[in-house]
Every structure is written in C-alpha cells, then in structure tokens.
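Peer 1: Okay, predicted coordinates and the sequence, questions at the end:
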Amino acid sequence: MSEDQESAVDDMDSEVVEAEIVEAGLLPATRSPRQPARPLIDRHTILYPGEAVPTEADAPTYTRADFEVSAGTAERLRDRAAPANTNRNYTSQRKNFAEWCEAMGRVARPCTTATYVEWVAGLIAREMAPNTIRTYMSGVRMWMPEDRRPGTTEARGMLAEYRKEWGKRNRVRKAPAITEPMLRAMVDTCDLRSPAGLRDRCALMVGRGALNRRIELADLDIDHVEVEDSGVDLWIAYSKTDQEGKGESTFIPADPADPRYDPVAAVRDWLNRLHRMGVHEGPLMRALTSKGRLQNRSAATTRGAYVTGDALNDWVRHRAYLAGLPGWHLITSHGLRRGGAQEIADAGGDPTHQGRWKPGSATVKREYLDRAQSRAQNPWHQVQATRRSAEADAR
C-alpha cells in the first residue's frame, strides 16, 4: 500500500476482522442474497383478504417425537390388523404384483399409474372374474404409500367394459338357498344325544333364524345370547355393515310347534351341553373331536377357540350330505341366510333389518323383494287358477 492508503485505513472507524490479498481485477465473490422461502400453496389454496401467503418458513420443524408411537399404541395398531383370510389374500395379491413388476422390469412400490393399468390389463387378459380383479386392484393400491397411489380412472374403465363382456359369457353361481324343507331334513340328521348333533342343530337354527353371515355366527359369544321362552336374542357385536363395531340386536322368535325345529330349544340344549363340559363363556360355536370333546385350538389358530367360517361351511355341508340333498357339495352356511331371507320376502316381509343389511339395500331389493314379487305376479298363476276354476265347474 502507499502511505496515503495506509493512512486512510488507519482513519477508518470500523475494525478489519479478516482480509485477503487478491490479484488486481479478481475480486472475491460476493455472498448471494438470501433466497425468499418458497410459498406453500397449490391450486386448492384459499387465502382470506389480508392473509399472507404461507411459506416454508412457516412450516413446523418435525423431530422423531412427531413420528414415533408408544409400545402400547403399536400393539393396538397390530391388533387392528385385517382378519387372517384378508391378510392372506393381500399377501398373495401383492406378491403376484411384485413378481409381475420384477419380470417386466418395473418398480412395484410405489408404482406408476401406467404400471398399475398394464397389470390390470394383464389380469383381464387372463379372464379372471371381475370381482376377483377388483379385489386385487384394491389390495395392491392400498399397499402403496398414501400420497403416491396410482390413479384408477383408466383401470376402472377397463374393468367396467370387461365386466359387461364377462357377464354375457358367465353366470355367477351362488350358494343354493336352504329352504325350510331342506333345513328340516338337515336337522333330522342331528343326533341330539351327541355334542356334534346339538351344536350343528343350534348352528342351523340360529344361522337361518338370524340370517347370519358366517363370520357373525362364528364370532358369537355365549354372553351375546339371551334365551327366553318367546325367542332368542342375539347381540351381533360386529358385522359387514357395522365396521365401527357399534353392535346390533337380532331376535329369533320361538317356534314351539315342534321342539326339534324350535330355535329356543336348539340353543338351550347346546348351552346346557357346553355347561356340562365346563364352558360358561367365550365362543358359542366350538370345534369338537370325533369323540365329542372340545378341541384345544388356543395355539393352533390365530382365532383361538373361535371357529372359522370355513369350519361352519363344513358342518352345514356335512349335514346336507347326510340328508341326501341334491347338490349337497355346493351348499354352504350362506345358504341359511339366503333361504331365510327369501322365505321372509315370499311371505310379504322385508328381511333387511333381520339380516343387518343397510337400509334400502340394492341386494335385498334385487335378490329377494323383486324376486318374490316377480314370482307372486307370474302370469302362470292366473292360468292355473282359471284352469282349476274350469275343472271345478265341470264337476
């Protein structure tokens, strides 16, 4: 520096903290001005008059504490997992999808909408049932992170068109309805001196009287059953149309004309046998050994002492076989629900409440009420009535 420059520096009020020597013409880079925080808005944001635009600077700073749950909460989350059958189905569906993605060189999770659509198109090409494809679609999509799930418009559109085509070529086979004569024939095969006979008779009478779904019947607790002379009151703690588990009461009237087919007698006899076995609480429906003893299932299944819906199907199908019913191999416990609902509709009633369908259920209207009305108004009834009248006049 020159003497004049040194003097100027000495006269400066500010203190030089740090300095560097640079070549002439190569000044040090200046610090970039601080960039404003990015706004946190999208096309759905609504701002009130005078309200500032929110930015990243307004966003909270999260720590591990904001994302971690306690051990007790984690246990509750695990306990609320889907039923075992549902979990097995989800596992199978997602494995199928992941293997397909690997073979196609695509990312499985999270997948793109194009990958999802291509996979659904492949399921359609395999001519799977539309309802099965829909279940697969739901299982895989719910597997994706909530904010990165694929779009469904294209896939659902393809499935809707395929459903029309598939419906022309296939008729959905439903479990046969168990009519009153069929029910009595099945009950007649029950040896009321044996535990299995008492249990199966109870399952048949309760399943038909309450129009139970099979899982509702399998989940019934002894404490959920109140037996009175006038009938049986069941507390259905959870059902397909009661996802929140509020619970609902269903009443089965007594039918004392013949005790063998009376729901009250059927439930009382089975409860008495359970009490003699030392069972006073827990599941109403129990697995038995070939000798009529209670099976120890506590470690054999995730349902513990509660039987499965498949077990109920086996009991009902076995009784249909013993009764010599045609097509016995197609009969399931759902036939109790179908047969009971149809008999109520044929008598002019509405099975909606008894079977715990949603009010105004399209299924009840289509499958039972409209069917009953159509049969009652069939024009051949008038032909037969006219014929009988003519035959009576001729006599």
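Peer 2: Here it is on my side, so go on.
Peer 1: contacts, neighbours, all on C-alpha from now
Peer 2: Fine.
Peer 1: What separation is there between the residue nearest to residue 109 when sequence neighbours are not counted and residue 114?
Peer 2: If you skip the residues right next to it in sequence, residue 109 has residue 144 as its closest partner in space, 6.2 Å away by Cα to Cα, 6 or more residues apart in numbering. Distance, residue 144 to residue 114, using Cα to Cα, to the nearest Å: 14 Å.
Peer 1: Could you do residue 337 as well?
Peer 2: For residue 337, the distance to residue 114 equals 42 Å [Cα to Cα].
Peer 1: Have a look at those two and say which one is more surrounded.
Peer 2: Per other Cα atoms under 10 Å, whichever of residue 337 and residue 114 has more neighbours is residue 337, with 22 against 13.
Peer 1: could you say what helices and strands the helix or strand harbouring the more buried one packs with?
Peer 2: Element membership for residue 337 (DSSP states H and E) is helix 334-346. Helix 334-346 is packed against helix 195-209, helix 370-376, with contacts defined by 3 or more Cα pairs under 8 Å, 6 or more residues apart in numbering; DSSP states H and E.
Peer 1: Pull out the buried residues from the last one.
Peer 2: Taking 16 or more other Cα atoms under 10 Å as the basis for neighbour counts, the residues of helix 370-376 that come out buried are 371, 372.
Peer 1: ok, residues contacting that helix?
Peer 2: 342, 345, 346, 348 (Cα atoms under 8 Å, 6 or more residues apart in numbering).
Peer 1: pretty sure residue 231 is in contact with residue 250, am I right?
Peer 2: No: using Cα atoms under 8 Å, residue 231 makes no contact with residue 250, being 10.4 Å away.
Peer 1: just to revisit the earlier point, burial count for the residue nearest to residue 109?
Peer 2: With other Cα under 10 Å as criterion, residue 144 counts 15.
Peer 1: roughly how far apart are it and residue 154?
Peer 2: The gap separating residue 144 from residue 154 is 18 Å, by Cα to Cα.
Peer 1: Low-confidence ranges, this protein, go.
Peer 2: Where the chain drops to pLDDT under 70, the residues are 1-35, 79-88, 171-173, 297-302.
Peer 1: middle-most residue in it, spatially?
Peer 2: Taking Cα atoms, centre = their mean as the criterion, residue 240 is the residue nearest the geometric centre of the chain, at 6.7 Å.
Peer 1: For it, give me phi and psi.
Peer 2: Residue 240 adopts backbone torsions of phi -60, psi -40, taken as degrees, to the nearest 10.
Peer 1: Same question for residue 250.
Peer 2: phi -130, psi 130.
Peer 1: How about it: what's its closest non-neighbour residue?
Peer 2: Closest residue to residue 250 apart from its sequence neighbours, by Cα to Cα, 6+ apart: residue 234 at 5.2 Å.
Peer 1: That neighbour against residue 249, yeah?
Peer 2: Yes: Residue 234 is in contact with residue 249 according to Cα under 8 Å; the separation is 5.6 Å.
Peer 1: And those two? Which one has more around it.
Peer 2: Between residue 234 and residue 249, residue 234 has the larger neighbour count (other Cα under 10 Å), namely 21 against 15.
Peer 1: give the contact list for the residue nearest to residue 260 when sequence neighbours are not counted.
Peer 2: Leaving aside its chain neighbours, residue 260 sits nearest to residue 266 (7.3 Å; criterion: Cα to Cα, 6+ apart). The contact partners of residue 266, taken as Cα under 8 Å, 6+ apart, are 198, 201, 202, 205, 260.
Peer 1: now do the same end-to-end measure for stretch 67-74.
Peer 2: Stretch 67-74 has an end-to-end distance of 12 Å (criterion: Cα to Cα).
Peer 1: Right, I'll call it a day here.
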